[in-house]
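Student: No sequence on hand, only this structure:
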């Protein structure tokens, strides 16, 4: 009795903040290095969601600055609709506070834990309060808050609340300081680059210790914001059904129609007939046995799948391809979006892409990119259902070597869009093994594998022809030059001869006296639209014409021009430089293009 009373004195309730204070690894704050990535990820996810809900093209600024020997300040600013002042302390200073948890639709964040967990992690390591600035419109002043979290009660502790002038007409800015290292700088840039791939409508500017990197948008259209839908009868559980029914005063036939997706009058009558419950009964009067019969009947009746077009927002094949082409130089790329499917009453869509060649490493395992609701999954690759599905596909039959995972210069991307992504943990790093999801992933990968096999076979068939074409393009001008010297006559333009022989789109790069020129000849009989990639250490700041955009890859500049060329015409660009690096043409068939370097 005495021992029981002593134990009883020690027992007390635990707040959510206290729990995650001692178990921060569950949220992705298991190391100082990873803490920076998780903080940036959560803040950027919130910014993208807010901008899409307001139908605004996202302009996101991310800054990481060292303020002390081991303390870093992380700043994330967006141009979203802002947050009303009374809600700011709860959004950033209270765990499990958000607007999307009770909504059934696709979104990056749902539980209201991520960014407030970053605030909690910061006060644990430095004790410095988070700074938040938010403005909701041009006709109101911005509000500036400094706040922390009371871990004992999981409530915000507001230290400063004041109105200030801010140059943004609307948006939100958060600054958080905590102890960390920048050992994961490469991983952080990788996360931002992959975020830009699956959010091609966003512009992301990163300032990491003074080094500026810009990920430009390739689409000027804001994706449609998913609409919330009612729960589907096949995804409901007993506890949820009991909770919904307990507060509903409708008759059962109206209750089923008004509270559930895809249930009409005929379906409601069928469910109630199977459950042997009268339609005019009030929903809140049902006892546990009647609710169990109702739930069982709901699972047995055939009901159409939830309306995926309303609640999901897939990226689309075209934008996946554009996003990957902007960030990764590839010889071949194909994307596919599967029809919508359902698991446990939750809609989902699988999208995937496969790339080959280009700047991908020729040795080692293929590069795997995993995404869920437009968010990159960087950790726990081995525990993810996506990785498991990739290893199950027989890649040898599609032209790739395989050692569990495919091997060679290949890139495989899989995106899961769902109203309820089944993550394995709160850190949202890996997707659980759900049979319906795994089946769709394997099907789309097999479809893309067939596309890859056709490309590899076509490439091998045309290799000899391309080799001959390159040899001809390289030799004919030299022969013409030698003949001109011998007969002492002006140099003849050999382009018409090359055109008759080639009947291709030919790109030639020449370097002479510090000037680089790239000529693209259209020797075909039709108009061609293509994208020229030029990867080198030359910045090409004086290029004429200017490139459409330039990305900096560890000191190498990927310059990209998008062009349209009439048959029999030539396109040219010139700039100062050394001419190092490779050029490539995209957007045309592989047996139509020839790329030749004629550096002198």
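Tutor: Noted; the coordinates are in hand. Being a predicted model, the structure only gives us computed values, none of them experimental.

Student: The protein - how does it break down into domains?
Tutor: 16-215, 233-300, 317-455, 493-597 (automatic domain parsing).

Student: how about JSON lines for those domains, with distance to residue 464, mean pLDDT and mean neighbour count added?
Tutor: Where C-beta positions appear, they are placed from N, C-alpha and C, glycine not excepted. Conversion of the domains of the chain to JSON lines gives the following (distance: least, Cβ to Cβ, whole Å; pLDDT from 0 to 100; neighbours: other Cβ atoms under 10 Å):
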{"stretch": "domain 16-215", "distance to residue 464": "35", "mean pLDDT": "83", "mean neighbour count": "19"}
{"stretch": "domain 233-300", "distance to residue 464": "56", "mean pLDDT": "85", "mean neighbour count": "16"}
{"stretch": "domain 317-455", "distance to residue 464": "17", "mean pLDDT": "90", "mean neighbour count": "20"}
{"stretch": "domain 493-597", "distance to residue 464": "11", "mean pLDDT": "82", "mean neighbour count": "17"}
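
Student: With distance to residue 485 as added columns, please give those domains in a markdown table.
Tutor: Formatted as a markdown table, the domains of the chain follow (distance: least, Cβ to Cβ, whole Å):
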| stretch | distance to residue 485 |
| --- | --- |
| domain 16-215 | 49 |
| domain 233-300 | 80 |
| domain 317-455 | 38 |
| domain 493-597 | 15 |
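
Student: nearest to residue 226, of those?
Tutor: Nearest to residue 226 among those is domain 16-215; the distance by Cβ to Cβ comes to 4.2 Å.

Student: In terms of helices and strands, where is residue 433?
Tutor: Assessed by DSSP states H and E, residue 433 sits outside every helix and strand.

Student: quick one: it from residue 422, how far?
Tutor: Separation of residue 433 from residue 422 (Cβ to Cβ, to the nearest Å): 9 Å.

Student: ok, now residue 586?
Tutor: 36 Å.

Student: same thing with residue 572?
Tutor: 53 Å.

Student: Residue 400 now?
Tutor: For residue 400 relative to residue 422 (Cβ to Cβ), the value is 29 Å.

Student: just residue 483 next, same as before
Tutor: 71 Å.

Student: can you give me the strands for the stretch 101-250 of the chain?
Tutor: Along the stretch 101-250 of the chain, the stretches classed as strands by DSSP state E, counting those that start in this stretch are 130-135, 142-150, 155-164, 171-179, 203-208, 211-215.

Student: Please name whichever of these is nearest to residue 250.
Tutor: Going by Cβ to Cβ, the one of these nearest residue 250 is strand 155-164, 35.9 Å.

Student: partners of the closest one, with directions?
Tutor: Partner strands and pairing direction for strand 155-164 (DSSP bridges) are strand 142-150 (antiparallel).

Student: tell me the angle the strand it pairs with makes with strand 171-179.
Tutor: On the basis of axes from the mean of the first three to the mean of the last three Cα atoms, to 10 degrees, strand 142-150 is oriented at 40 degrees to strand 171-179.

Student: Where is the longest helix in the chain?
Tutor: In the chain, taking DSSP state H as the definition, the longest helix is helix 435-487.

Student: other SSEs contacting it?
Tutor: strand 332-337, strand 341-343, strand 346-356, helix 385-392, strand 410-418, helix 495-502, strand 505-512, strand 593-597 (3 or more Cβ pairs under 8 Å, 6 or more residues apart in numbering; DSSP states H and E).

Student: middle-most residue in this structure, spatially?
Tutor: residue 198 (3.2 Å; Cα atoms, centre = their mean).

Student: for the residue lying closest to that residue once chain neighbours are set aside, what are its contacts?
Tutor: Nearest non-adjacent residue to residue 198, counting by Cβ to Cβ, 6 or more residues apart in numbering: residue 374, 4.6 Å away. Neighbour list for residue 374: 48, 108, 195, 198-199, 315, 415, 417 [criterion: Cβ atoms under 8 Å, 6 or more residues apart in numbering].

Student: measure residue 374 to residue 62 for me?
Tutor: Using Cβ to Cβ, one obtains 17 Å as the distance from residue 374 to residue 62.

Student: and the nearest residue to residue 232 once chain neighbours are set aside, what is it in contact with?
Tutor: Closest residue to residue 232 apart from its sequence neighbours, by Cβ to Cβ, 6+ apart: residue 345 at 3.7 Å. The contact partners of residue 345, by Cβ under 8 Å, 6+ apart, come to 231-236, 306.

Student: now do residue 401
Tutor: Counted by Cβ under 8 Å, 6+ apart, residue 401 has contacts 395, 407-408.

Student: Please apply the same query to residue 366.
Tutor: The contact partners of residue 366, taken as Cβ under 8 Å, 6+ apart, are 400, 405-408, 410-412.

Student: related to what we said a few turns ago, nearest to residue 223, of the contacts of residue 374?
Tutor: residue 315 (7.7 Å).
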